[in-house]
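Chemist: quick check, what structure comes out for this input:
(one chain, ligands or ions: 1)
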Amino acid sequence: MVAVRRRCLYPPGMAETIDGEPTRGQGIDERIGTGLDFNEATARALERMYQAPEVALQRAIVLHSMALRAGEVVLDVGPGPGFLATNMAAIVGASGVVSGIDQSEPMVALARARCQDQDWVDIQVGEATDLPYQSGIFDAAVSTQVYEYVEDVEVALTELFRVLRPGGRAFIVDTDWSSTVWNNSDPVRMQRVLEAWDQHLVDPHLPATLTPKLKQAGFQVVRRDVHPMFNPEYSPDSYSAGILEGIRTFVLGRNGITQDEADAWASDLRDLGEAGEYFFSVNRYLFQAVKPGLPSQG
Ligand SMILES: C[S@@+](CC[C@H](N)C(=O)[O-])C[C@H]1O[C@@H](n2cnc3c(N)ncnc32)[C@H](O)[C@@H]1O
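Modeler: Numbering: from 1, shown residues only. Prediction:
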């Protein structure tokens, strides 16, 4: 029940497949009536997509904002493939601890593999709404692109508050999908597709209401910033190229969208890319909050 120092486990054979391309139709869960399932194929697709330079830049901005110090004890709620966890571990060093809790076993496997040489990283399977840690043990906590998926975000934020020490810092990033700008040839179809895509999240507009939710949990909100995922050109390695394929498969059968329609939507965007007319942007919001009590700079 505490942030422990435990060596990450590395599943045999994972190294060969860790950067593998998702097969067509496998990238994102296609089941109707549920949100995203972070299964093995989704985990790999997301791992690849999150290596895009614009996502790496967002991680660097979050890391800079966190101003971590050697020896600090840090929590990552929903570390996914573990890019931020390994970056944080490099800063806090062996005298610190990075704990991660993620409900997806495939994601936990990827994160553990990524942190395999950092003994002070501990990634466990678990729930954001029921953190398996003692109260008041973390100096800082981060959660990027997670709370928008959580059914009871108020409980999750209360849990986050509980496990931070007085003066502890929280850093939360979420997307508001209504900020999407995506040049296309059929705005009606685009709207139908994006409405269907909203179903992959519990709350696709969480940032707009996150401030009162943080305050309700007891936090003092100290800073808010916006960081776009911005692709003014098409590149197969970009964030939007990855999410494009994820959306194409996820929206099938939702909102009455057929295979032909989903394929035509995706082809249109790629064609615009080839014609030099591509343009994509969506906003992610970074919230910084503090648990009142002792000064955060100890
Ligand atoms: C979009 S990924 C983001 C991963 C990582 N934070 C990043 O930004 O690279 C969302 C992650 O949150 C995890 N997740 C979603 N809901 C969760 C919950 N209720 N409890 C714990 N983890 C959750 C998923 O399994 C997935 O790994």
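Chemist: which parts of the stretch 101-250 of the chain are helices?
Modeler: With helices called from DSSP state H, counting those that start in this stretch, the stretch 101-250 of the chain shows them at 105-114, 153-163, 187-197, 207-217, 239-250.
Chemist: okay, those helices in CSV with mean pLDDT next?
Modeler: Below are the helices of the stretch 101-250 of the chain laid out as CSV (pLDDT from 0 to 100):
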stretch, mean pLDDT
helix 105-114, 98
helix 153-163, 98
helix 187-197, 97
helix 207-217, 98
helix 239-250, 95
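Chemist: surely K213 touches E154?
Modeler: Yes. Counting by CB atoms under 8 Å, K213 touches E154, with 6.2 Å between them. (Glycine included, C-beta is placed from N, CA and C.)
Chemist: who has more neighbours, those two?
Modeler: For K213 versus E154, neighbours defined as other CB atoms under 10 Å are more numerous around K213 (20 against 12).
Chemist: pLDDT score for whichever residue of the chain sits closest to the ligand?
Modeler: Evaluated by CB to the nearest ligand atom, the chain has G80 as its residue closest to the ligand, separated by 2.4 Å. Looking at G80, its pLDDT stands at 98.
Chemist: need the helices of the stretch 101-250 of the chain in a markdown table (columns: distance to S65).
Modeler: Listed next are these as a markdown table, based on distance: least, CB to CB, whole Å:
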| stretch | distance to S65 |
| --- | --- |
| helix 105-114 | 21 |
| helix 153-163 | 16 |
| helix 187-197 | 28 |
| helix 207-217 | 15 |
| helix 239-250 | 20 |
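Chemist: out of those helices, which gets nearest to L286?
Modeler: Relative to L286, the nearest member of those by CB to CB is helix 207-217, separated by 9.3 Å.
Chemist: quick one: neighbours of the nearest residue to N255 once chain neighbours are set aside, just the number.
Modeler: Counting by CB to CB, 6 or more residues apart in numbering, the nearest residue to N255 once its immediate chain neighbours are dropped is A196, at 3.9 Å. When neighbours are counted by other CB under 10 Å, A196 registers 19.
Chemist: hang on, isn't A196 packed against V251?
Modeler: Yes. Under the criterion of CB under 8 Å, A196 lies in contact with V251, with a separation of 3.9 Å.
Chemist: what is in contact with those two at once?
Modeler: Jointly contacting A196 and V251 under the rule CB atoms under 8 Å, 6 or more residues apart in numbering are I257.
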